[in-house]
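Colleague: mind looking at a prediction? Sequence and model below.
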Amino acid sequence: MVYPIVKFGDPVLEHEAEIVTEFDTPELHKFLEDMFESMYAAKGVGLAAPQIGFARKIAVIDASNGENSGDKIVLINPQIVHTEGKQEGEEGCLSIPGFREQVRRAKRVIVRAMNAKGEEFEKTGEDLLARAFLHETDHLNGRLYITHISALKRDLMRRKIKKLQRAGDWE
Ligand code: ZN
């Protein structure tokens, strides 16, 4: 099923999610299917469980946006274990629709995570994939990409969002 995306302002997005301890259950497999479905429906390349209202350390990524099933990545309890280099680029978030900002990120990262079966693995990402690993892992730690932009830009964004909220255009 496709879940609605939780928007900025909901506290679930700004608290660390809970570590997953049960693996390979029918519930987990169904949940992962629903996460991919929800991400594709929202036309995203990554989605973290808090973004559909579940405070659990689970994220899904598909940098091809469904074009290539081999690109589907499941990250459970992920940790960034290595970063190198720098990249500048625009970043957005399904939970903050209509906004994009320049965010400096590492160019190459290694993420350590578990798969649906509870097996630990490491995966290297460069460029867009590195950005996705960092963005989604941040989500699971209660951090949004706007914590990486200047306070001035962040305040401006918050004010615009408050206006949208007051007008009822942010739900
Ligand atoms: Zn996001």
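Modeller: Ah, there it is.

Colleague: could you use CA atoms for every contact and neighbour count after this?
Modeller: Fine.

Colleague: could you pull out the strands for this protein?
Modeller: In the chain, the strands defined using DSSP state E lie at 46-48, 58-61, 73-84, 87-91, 101-105, 108-114, 120-126.

Colleague: average model confidence for the first one?
Modeller: When pLDDT is averaged along strand 46-48, the result is 98.

Colleague: the fourth one too?
Modeller: Strand 87-91 carries an average pLDDT of 96.

Colleague: contacts for it?
Modeller: 100, 101, 102, 103, 104, 105, 106, 107, 127, 145 (C-alpha atoms under 8 Å, 6 or more residues apart in numbering).

Colleague: coming back round to it: looking at the strands of the chain, which is buried most?
Modeller: strand 46-48 (a mean of 27; mean count of other C-alpha atoms under 10 Å).

Colleague: give the other helices and strands that that one contacts.
Modeller: Applying 3 or more C-alpha pairs under 8 Å, 6 or more residues apart in numbering; DSSP states H and E, one finds that strand 46-48 makes contact with helix 26-41, strand 58-61, helix 128-140.

Colleague: give me that answer again for 6 Å
Modeller: Here strand 46-48 is seen to pack against strand 58-61 when contacts are counted using 3 or more C-alpha pairs under 6 Å, 6 or more residues apart in numbering; DSSP states H and E.

Colleague: and the strand it packs on, C-alpha only, in PDB?
Modeller: C-alpha atoms of strand 58-61 as PDB (Å, rounded to 0.1, in the frame of the first residue of the first chain):
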ATOM      1  CA  ILE A  58      14.600   1.500   7.800                       C
ATOM      2  CA  ALA A  59      15.300   3.300   4.600                       C
ATOM      3  CA  VAL A  60      14.900   2.300   0.900                       C
ATOM      4  CA  ILE A  61      16.800   3.800  -2.000                       C
END
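
Colleague: give me the pLDDT value at the residue in the chain sticking out farthest from the centre.
Modeller: Distance from the centre of the chain peaks at residue 167, with 26.8 Å (C-alpha atoms, centre = their mean). At residue 167, the model reports a pLDDT of 94.

Colleague: need the nearest residue in space to the spatially most central residue of the chain, chain neighbours excluded.
Modeller: The centre of the chain sits closest to residue 136, judged by C-alpha atoms, centre = their mean, with a distance of 3.1 Å. Nearest non-adjacent residue to residue 136, counting by C-alpha to C-alpha, 6 or more residues apart in numbering: residue 48, 5.9 Å away.
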